[in-house]
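**Student:** sequence first, predicted model second:
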Amino acid sequence: MNTEQTKKCRECQSDIPKKARRCPNCRAKQGIGAGGALVAIIFVGIVASIVMSPSENSTPKQPANMSAIQAGLDEYAEGRWLDTQLANNDDGILIRITVDTEVAINDVAATSYCNVIGDNLRQNAPDHVRDADVFIYQFGEVVKVCTY
Ligand SMILES: [Zn+2]
């Protein structure tokens, strides 16, 4: 058999057509071979570098105005039995709202909290709204996660 047209099965070592995806003798799957695998790895690497490299014309984020956010949260929490905690790190803004009432809040109330906090973020940290993780707690459990 002409070796240009054949390859060895990776399972049974018999000569099989080069383009065969399965061995006609043992039915073993032949895969893409070492050369194909290398090409695939390089291709994945190129795609990953394109996807993961930050866009060069993306504008740097403005620092979040954390004191303004906190002031807004304090004002919002006043008289509503809410305890707010605010944190800022490289991953974004983290806000925990603990609703300190004995009656479980419903989803409508939780959503309105999310909306108020979203307005606060858009006003005081517009570049960080989508980085904000806002969790509403009650009875020690997260009852709502706000997404913006
Ligand atoms: Zn085989």
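**Tutor:** Done, it's in.

**Student:** and stretch 15-34, which residues are buried?
**Tutor:** Buried residues in stretch 15-34, counting neighbours by 16 or more other CB atoms under 10 Å, are found at 16, 23, 30. Every C-beta, even on glycine, is put in place using the N, C-alpha and C of the backbone.

**Student:** same check on stretch 93-110?
**Tutor:** Those would be 93, 95, 97, 98, 99, 105, 109, 110, for stretch 93-110 by 16+ other CB under 10 Å.

**Student:** check those one by one and keep those near the ion.
**Tutor:** Checked against the ion using CB under 5 Å from the ion, those give no members in range.

**Student:** of the residues you listed, closest to the ion?
**Tutor:** residue 93 (58.3 Å; CB to the ion).

**Student:** now for that closest one: which residues touch it?
**Tutor:** Taking CB atoms under 8 Å, 6 or more residues apart in numbering, we find residue 93 in contact with 64, 66, 69, 86, 87, 121, 125, 128, 131, 132, 133.
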